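> The following comprises the amino acid sequence and a computationally predicted model.
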Amino acid sequence: MIRRVLMLIIVSLIFERNILINQLPQNSHSIFDITVKEEFKEQAKLAYIDFLKKFSKTETYQVYEFSLRDFDKDGIPELIIVQSNAVHGILSVYYYDGDLKKYGDYSNPKIGQSALRVSDNPTFPGLFTLWWGGGVEHYEYLYLDEGILKESKLWEVDRTREFPCQRLLSSDKELVEESMNLFSKCDDMENLLELYLIDNYSDIL
């Protein structure tokens, strides 16, 4: 009887040992992945700093700003550059994969004057934009699609008539609703994308 109990204890210990052995490589791999990701994130940061440090300004724009936003939800934020003047502006999104590359550009005439808003909902990692012209407000969404920066027209408000007319331009109801919520909040400073002057990059990064 004692021998049988001892055998059961030994078998149990061997079983637990095998479980620990099987778990060890998986845990080690996870720790390794985390370490590699943090190192890669640091490399991306250094690449962004070097890019901002050498950024070439032109007479076309008066304001040069940057920000960070994780468009592709991989844990490593992309670099956003906004160049603007009183009548025009351009937004560019860069990423790092060992070298600094560009996802694409987006432009509208009010990008330096209107707000770029971000959502707290992880389903929407892109940027919500607003611009106006000719009495019409245009609400759009910037996002990544297969490595390309794209824009989706969501809705607009036509104020050229006696009463404002709202038109939906997208079938994505959740996305439209999120845009409406972000731009209808009383606090104008809430959910804004924080932009910093490129010249101040060393104070931010």
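It's in.

> Quick check: Glu162 vs Lys153, distance?
25 Å (Cβ to Cβ, to the nearest Å). All C-beta spots, glycine's among them, are computed from the backbone N, C-alpha and C.

> Those two - which one has more neighbours?
Lys153 (13 against 6; other Cβ atoms under 10 Å).

> quick one: that one from Phe128, how far?
12 Å.

> what's the overlap in contacts for those two?
Tyr139, Glu140 (Cβ atoms under 8 Å, 6 or more residues apart in numbering).

> hang on, Thr58 in a helix?
No - secondary structure assignment (DSSP: H, G, I helix; E, B strand; the rest coil) places Thr58 in coil, not in a helix.

> which helices and strands does whichever strand or helix holds Arg167 pack with?
Element membership of Arg167, judged by DSSP states H and E, is strand 165-168. Strand 165-168 sits against strand 148-158, with contacts defined as 3 or more Cβ pairs under 8 Å, 6 or more residues apart in numbering; DSSP states H and E.

> Low-confidence ranges, this protein, go.
Counting by pLDDT under 70, the ranges of the chain that qualify are 1-33, 186-188.

> check contacts around the nearest residue to Leu127 once chain neighbours are set aside.
In this structure, Leu127 finds its nearest non-sequential neighbour in Leu142, 4.3 Å apart by Cβ to Cβ, 6 or more residues apart in numbering. Going by Cβ under 8 Å, 6+ apart, Leu142 touches Leu91, Val93, Tyr106, Gly126, Leu127, Phe128, Thr129, Leu149, Lys150, Glu151.

> can we see that at 10 Å?
Contact analysis of Leu142 by Cβ atoms under 10 Å, 6 or more residues apart in numbering lists 69, 71, 80, 91, 93, 103-104, 106, 116, 126-129, 149-152.

> Please compute how far stretch 124-133 lies from its chain's middle.
13 Å (Cα atoms, centre = their mean, to the nearest Å).

> same deal with stretch 82-100?
Using Cα atoms, centre = their mean, the offset of stretch 82-100 from its chain centre is 13 Å.

> Same question for stretch 96-107.
On Cα atoms, centre = their mean, the centre of stretch 96-107 falls 13 Å from the chain's centre.

> For it, buried residues please.
Tyr96, Tyr103, Gly104, Tyr106 (16 or more other Cβ atoms under 10 Å).

> quick one: which of these is nearest Val87?
Tyr106 (16.4 Å; Cβ to Cβ).

> so what's that closest one up against?
Taking Cβ under 10 Å, 6+ apart, one finds 80, 82, 89-93, 127, 129, 140, 142, 149-151 in contact with Tyr106.

> What is the burial count for the closest residue to Lys185 other than its chain neighbours?
Leaving out its chain neighbours, the residue that sits closest to Lys185 by Cβ to Cβ, 6+ apart is Asn191, at 7.0 Å. Using other Cβ under 10 Å, Asn191 has 17 other residues around it.

> Does Asn191 touch Phe183 like I think?
Yes - when contacts are counted by Cβ atoms under 10 Å, Asn191 is listed as touching Phe183 (9.2 Å).

> Overlap of the contact sets of those two?
Common neighbours of Asn191 and Phe183 (Cβ under 10 Å, 6+ apart) are Ala115, Arg117, Phe128.
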